[in-house]
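>>> Please find the sequence and the predicted model below.
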Amino acid sequence: MSGFAIDLRSDTVTRPDREMRRAMANAEVGDDVFGEDPTVIRLEAASAGATGHESALFVPSGTMANEIALHVHAPRGSEVICEAESHVFHYERGGMAALSGLMPRPLEGERGLLSAAQVEAVVAPDVIYRAPTGVVTLENTAMSAGGLAAGPEPQLEVAEVCRRHRIPLHLDGGRVFNAAAALQVEVEELTHFFDSVMFSLSKGLGAPVGSMLCGSRGFIAAARRVRKLFGGGMRQVGILAAAGLIALERGAASLVADHVQAKRLAEALAQMPGIRIDPTGVETNMVVVEVDGEVDGEAEGKGAPAERLVEALAERRVLAVTLDRKRVRFVTHRDVGPEAIGEAIDRIRGHLS
Ligand SMILES: Cc1ncc(COP(=O)(O)O)c(C=O)c1O
C-alpha cells in the first residue's frame, strides 16, 4: 500500500532539524578524552544543573550510561534491584552480568513502579551466603507500563530505604523530561534525590545521539574512567553535544505536544474493534494497546496477535513495535505532527474495521 510512512516505533527515530544541524556544523570542539571540548563542557554543566546534581558526563547511549552507573555503584558479584520489565533488566542484553559481574534481582512492580516496601523486603541481610545488594535502579517514565510518569513521592520513599541501608539509587530517566512535562514539575524535582541519573537527548528531545549521566563530582570522575573502559571515550564530540544543547534548551516544554497527540491517538484506538486500551492511562508519549486474539495462532505459522497487527499496519505504512505477543506500542514524537497522527488513525481504522 502506498502513502508516506508514519513512524511511531519510537521517539528515537527523530531526526535533527535544521537548527540542530547548523549548531553542529558551527560547534566549537576539542579532544573530549582530554576534557578539552568546550561544547561538551557546556552541555555537561547544563545537564548537571537541570537534574540538580554536581556534575555530568556525555555518553553515546542511554544503555551505556545505565551500564556505567551500575558498574560504578555496585561491586562485582552484588545484586541489582530493578523492575522485572525495566530497560536495564530486559533490554540491555544482560549488560550488568556481562560487563560488571552483577546479578539482577527483578521485582514485579505496580505499573512499572517499585514500592519502598518491595525494595526493603529484598535488601540482602549481611550474612555469609548472600550476594550483597549493590544498587537499586528505578525508571521514569516507566516504558513497559506505557510511559507512566512517576511523581517524586513513591521514589522518595524508595530513596529513604536506600539511604537507611547505604545502597546507591540510580534513575534510568531516559524519558524523565516527558515525566516532568506530564506532571508539570521541574525535571530537578524528579531527579535530585538519586545518586545518579541518566537522561536521553536522543529520544523525544530530538538530538541525533547521546545521553547524559549525572551525579556527584566523585561519581562522575569514576564514571569517566568506566566510559573509557567501555569504549565510550569520544574525541571532537562537541559536534554532537551542540545538538544536545539545543535539545536540552527546548526541554520538557517541547514534549507537551507529543503527549497531546498520544492522548488523541489512544482515544481513537479505544473506539476501534480488536484492540483494548484505557486512554486515561496514557500520560506521556506512549500508547500501548492489547490485541485481541489467541496467542496459539503462532502454531499455525501466523505469528502472535501483536505481530500480526504490526505487520498489517506496516503494509499500510504505519510503523509500530510489539512489546510482547499481545501488546503493541506506538510512540508519538516531534517528527509526526497532528496531521500525520490523523492520517495514522485513519489508516489503523481502515485495517481494524
Ligand atoms: C527507558 C529506557 N532506558 C534506556 C534506554 C536506552 O537508550 P539507548 O537506546 O540510547 O541505549 C531506552 C531506549 O529506548 C529506554 O527506553
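Ah, there it is.
>>> The residue of the stretch 1-150 of the chain at minimum distance from the ligand and Arg175: what is the separation?
Of all residues in the stretch 1-150 of the chain, Gly62 sits closest to the ligand, at 2.6 Å by C-beta to the nearest ligand atom. C-beta coordinates here come from the backbone N, C-alpha and C atoms, glycine included. Distance, Gly62 to Arg175, using C-beta to C-beta, to the nearest Å: 9 Å.
>>> what touches both of those two?
200, 203 (C-beta atoms under 8 Å, 6 or more residues apart in numbering).
>>> How many neighbouring residues does Val122 have?
14 (other C-beta atoms under 10 Å).
>>> from what I can see it touches Arg105, true?
Yes. Using C-beta atoms under 8 Å, Val122 makes contact with Arg105 at a distance of 5.8 Å.
>>> At the contact with the ligand, which residues of this protein appear?
12, 61-63, 87, 139, 143, 172, 174, 200, 202, 211 (C-beta under 6 Å from any ligand atom).
>>> cutoff 5 Å now
61-63, 87, 143, 172, 174 (C-beta under 5 Å from any ligand atom).
>>> Can you tell me which of those is nearest Ala74?
Set against Ala74, the nearest of those by C-beta to C-beta is Asp172 (14.5 Å).
>>> got the contact list for the nearest residue to the closest one once chain neighbours are set aside?
Once flanking residues are discounted, Asp172 sits nearest to Glu139: 4.5 Å by C-beta to C-beta, 6 or more residues apart in numbering. Shown in contact with Glu139 (C-beta under 8 Å, 6+ apart): 83, 86-88, 112, 171-174.
>>> Same check on His165?
123, 133.
>>> Quick check: it vs the ligand, distance?
According to C-beta to the nearest ligand atom, to the nearest Å, His165 stands 25 Å off from the ligand.
>>> next one: phi and psi at that residue?
Backbone torsions for His165, taken as degrees, to the nearest 10, come to phi -90, psi 0.
>>> Which pLDDT value does the model give it?
If you check His165, the pLDDT there is 98.
>>> distance of His165 from Ser86?
Taking C-beta to C-beta, one finds His165 at 20 Å from Ser86.
>>> do the same with Ala270
In terms of C-beta to C-beta, Ala270 sits 27 Å off from Ser86.
>>> These two: which has the busier surroundings?
The residue with more neighbours, out of Ala270 and Ser86, is Ser86; 26 against 16, by other C-beta under 10 Å.
>>> Excluding residues flanking it in the chain, which one is nearest that one?
Glu139 (5.0 Å).
>>> what do you get for Asn26?
Ala242 (7.4 Å).
>>> Could you check the host helix or strand of Arg105 and say which residues are buried?
Taking DSSP states H and E as the definition, Arg105 sits inside strand 103-107. Buried residues in strand 103-107, counting neighbours by 16 or more other C-beta atoms under 10 Å, are found at 104-107.
>>> now stretch 250-270
Quick answer for stretch 250-270 (16+ other C-beta under 10 Å): 250, 252, 254-255, 257-259, 261-266, 268-270.
>>> now swap in stretch 29-43 and tell me
29-30, 32, 37, 39-43.
>>> Show only the entries of those residues found in strands.
Counted as lying in strands by DSSP state E, out of those, is not a single one.
>>> what's the farthest-apart pair in those?
Pairwise distances across the buried residues of stretch 29-43 peak at 13.1 Å for Gly30 and Leu43 (criterion: C-beta to C-beta).
>>> Helix or strand for the spatially closest residue to Ser100 that is not a sequence neighbour, just tell me which one.
Nearest-residue entry for Ser100: His71, 4.3 Å, with adjacent residues in sequence omitted and distances by C-beta to C-beta, 6+ apart. Using DSSP H and E, the element containing His71 is helix 62-73.
>>> Now the element after that helix, going C-ward?
strand 79-83.
>>> Kindly format the C-alpha coordinates of that following strand as CSV.
Backbone C-alpha positions of strand 79-83 (Å, rounded to 0.1, in the frame of the first residue of the first chain) are rendered in CSV as follows:
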residue,chain,number,x,y,z
GLU,A,79,22.7,-7.7,43.3
VAL,A,80,20.9,-5.0,41.3
ILE,A,81,17.3,-4.5,42.5
CYS,A,82,15.3,-3.5,39.4
GLU,A,83,11.8,-3.8,38.0
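>>> Give me the mean pLDDT for it.
98.
>>> Following the chain past that strand, name the next helix or strand.
helix 87-90.
>>> List the buried residues for the helix or strand harbouring Arg164?
Remark: Arg164 resides in helix 152-165, with elements defined by DSSP H and E. Under the neighbour-count criterion of 16+ other C-beta under 10 Å, helix 152-165 has 152, 154-155, 157-159, 161-162 buried.
>>> Stretch 289-298 too?
289-291, 293.
>>> Please report the distance of the nearest residue to Gly206 once chain neighbours are set aside from Ala270.
Excluding the flanking residues, the one nearest Gly206 by C-beta to C-beta, 6+ apart is Thr14, at 4.6 Å. Taking C-beta to C-beta as the measure, Thr14 falls 26 Å from Ala270.
>>> Nice, that's everything, thank you.
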